[in-house]
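A.B. asks: Here you go, sequence then predicted model.
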Amino acid sequence: MSRLIVVSNRVAPTQEGRPAAGGLAIGVLDALKETGGVWFGWSGEIAGEPSAPVIEKQGNVTYATVALSKRDYDQYYRGFSNATLWPTFHYRNDLSRYDRQEYAGYLRVNASLAKQLKEMIRPDDIIWVHDYHMLPFARCLRELGVKNPIGFFLHIPFPVPQVLFTVPPHEELVKDMCSYDVVGFQTDADRQSFVDYIERGRHGTASDDNMVHAYNRFLKVAAYPIGIYPDAIAKASVQFTDRKAVKSLRDAMRNRKLIMSVDRLDYSKGLVERFQAFERLLLNAPGWHGRVSLVQIAPPTRSDVQTYQRIRQNLEGEAGRINGRFAQLDWTPIQYLNRKYERNLLMALFRQSQVGYVTPLRDGMNLVAKEYVASQDPADPGVLVLSQFAGAAEQLPGALVVNPFDLSQMAEALERALSMPLAERQARHADMMAPLRENNLSVWRDTFLADLRHVSTASSVTEKAVKRVDVTV
Ligand code: ADQ
């Protein structure tokens, strides 16, 4: 079997041989272990001078990591990736800025990473690139003469054309994406946005079998919703119930219901709106005073980007205001915890709660929603309140789906979830566990890689055929 090379902005840090356990990290590492391969990307370090990749081998997986210079970090990572693409792709044009120098830095880093990777590529390797930091990466590799199959998966939403137009080099970016052999999105709506951009701008055509012909290339463009391993999560949520943190939460909530939210601290996650909808529940239904608490776990990320500092201040202000308004000597309505937890422990915490409150304003998928469902006790499960703008909403039919911009609707959904009869909770939980098992993380990875292997063979045949026709006419 050919070797797999995974490329992502950040190679998950290895601790005692084990990577950080995000969806990308788990899915990708499993695949790498099966086929043997390389994981290439940024080490997370800032260095003065550019240097060759640091190579570390563990079993049949080779980690190849490079440091970034301060200038590269500022322009490529903090700048164009996280201050232009991230907000715009999450429909927050109001928070997006565009700076030509930063875009130039983004292209420069992609080109330089491609050059470093090229030295490691063997003729039969297949290359799987991840996320918005690396949209031009395949084009950079192709310019260096790399002919291997290259696939791309976007973890975040892909915006509709009218929103994408606000990023000045939009056409260059989409054209670059067409240098991949397979472009994968989280949802069908994201796939459709990409196809709309191609077709309405007359840049190419799409056929019913998800093939796109654009900018003189054939590529497959499809939805590959990322999954989890629901049974492993269910097991962990039981195994970790005796941990001290879980016990103390259980004790603290003995006569209260618990609503739980876990996110990275990011403006796309709708945290302020979520707090305000909880406030509305307390206003509308005073019977819940003293009987329900919201625990929000949200460790800060990207804290050197200004917008992230603002959201943090804003959120702390809102939690303080709402607690000041409703708290009693023995009851704090919102507990806001600014820290990371071990993943298995989080799953056990989810299992203690009656409501999973997951209401991003926009989210590619949202793994927390899936993890919440998987960690419930099937005999007495909690209820998931889920934003319609999370990719996960397409796949979790048993959730109470809400519009996170409608605070009253969210407050009503919380009340309904808190009072839902056992039989309905059980039925909704079962409705969600079945698709989670069917579309688990291996299915995501295997479907994508099978398509990449298949399409790259088929498209090289088609391209040769097209060239032959061009010559004959
Ligand atoms: P994220 O925006 O990071 O991911 P999400 O999908 O929810 O969002 O994944 C977060 C992961 O981190 C989850 O596995 C969660 O358990 C974990 N996590 C969150 N808070 C934590 C904490 N306090 N302590 C420990 N772990 C915590 C991006 C996209 C998503 C997409 C994923 C995967 O934005 O839309 O679902 O990639 O493709």
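C.D. replies: Structure's in. What do you need?
A.B. asks: tally of neighbours for T457?
C.D. replies: For T457, the count of nearby residues is 11 (other CB atoms under 10 Å). (C-beta placed from N, C-alpha, C; glycine too.)
A.B. asks: Which secondary structure state is assigned to it?
C.D. replies: helix (DSSP: H, G, I helix; E, B strand; the rest coil).
A.B. asks: Now name the helix or strand holding T447.
C.D. replies: helix 441-472 (DSSP states H and E).
A.B. asks: Equivalent analysis for V183, please.
C.D. replies: Per DSSP H and E: V183 is located in strand 182-185.
A.B. asks: Mean confidence (pLDDT) on that strand, please.
C.D. replies: Across strand 182-185, pLDDT averages out at 98.
A.B. asks: And stretch 445-460, by the same measure?
C.D. replies: What stretch 445-460 shows for mean pLDDT is 85.
A.B. asks: Could you list the contact residues of this protein toward the ligand?
C.D. replies: 22-24, 155-156, 226, 262-264, 297, 299, 340-341, 343, 346, 363-368, 371 (CB under 6 Å from any ligand atom).
A.B. asks: Cross those residues against helices and list the overlap.
C.D. replies: Per DSSP state H, helices hold the following members of the residues of the chain next to the ligand: G23, L24, R343, L346, L367, V368, E371.
A.B. asks: Kindly write the PyMOL command that selects the buried subset of these.
C.D. replies: For the buried members of these, the matching PyMOL selection, counting by 16 or more other CB atoms under 10 Å, is:
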select buried, resi 23+24+346+367+368+371
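A.B. asks: give me the number of residues near the residue in the stretch 201-350 of the chain that the ligand sits nearest to?
C.D. replies: For the stretch 201-350 of the chain and the ligand, the shortest gap (CB to the nearest ligand atom) falls at K340, measuring 3.8 Å. The number of residues packed near K340 is 15, by other CB under 10 Å.
A.B. asks: Leaving out sequence neighbours, find the closest residue to it.
C.D. replies: Once flanking residues are discounted, K340 sits nearest to P299: 4.4 Å by CB to CB, 6 or more residues apart in numbering.
A.B. asks: neighbours of that neighbour, just the number please.
C.D. replies: 14.
A.B. asks: and what of D30?
C.D. replies: With other CB under 10 Å as criterion, D30 counts 14.
A.B. asks: Okay, and it sits in which element?
C.D. replies: With DSSP H and E as criterion, D30 is part of helix 23-35.
A.B. asks: ditto for L141
C.D. replies: helix 137-143.
A.B. asks: coming back round to it: where's the dip in pLDDT among the ones in helices among the residues of the chain next to the ligand?
C.D. replies: Within those, pLDDT is lowest for G23, at 66.
A.B. asks: Based on its surroundings, how many neighbours for the one residue in the stretch 151-300 of the chain that gets nearest to the ligand?
C.D. replies: Closest to the ligand within the stretch 151-300 of the chain is H155: 3.7 Å, counting by CB to the nearest ligand atom. Neighbours of H155 under the rule other CB under 10 Å: 20.
A.B. asks: Cross-check the contact I'm expecting between it and H130.
C.D. replies: Yes. Contact criterion CB atoms under 8 Å: H155 and H130 qualify, at 6.7 Å.
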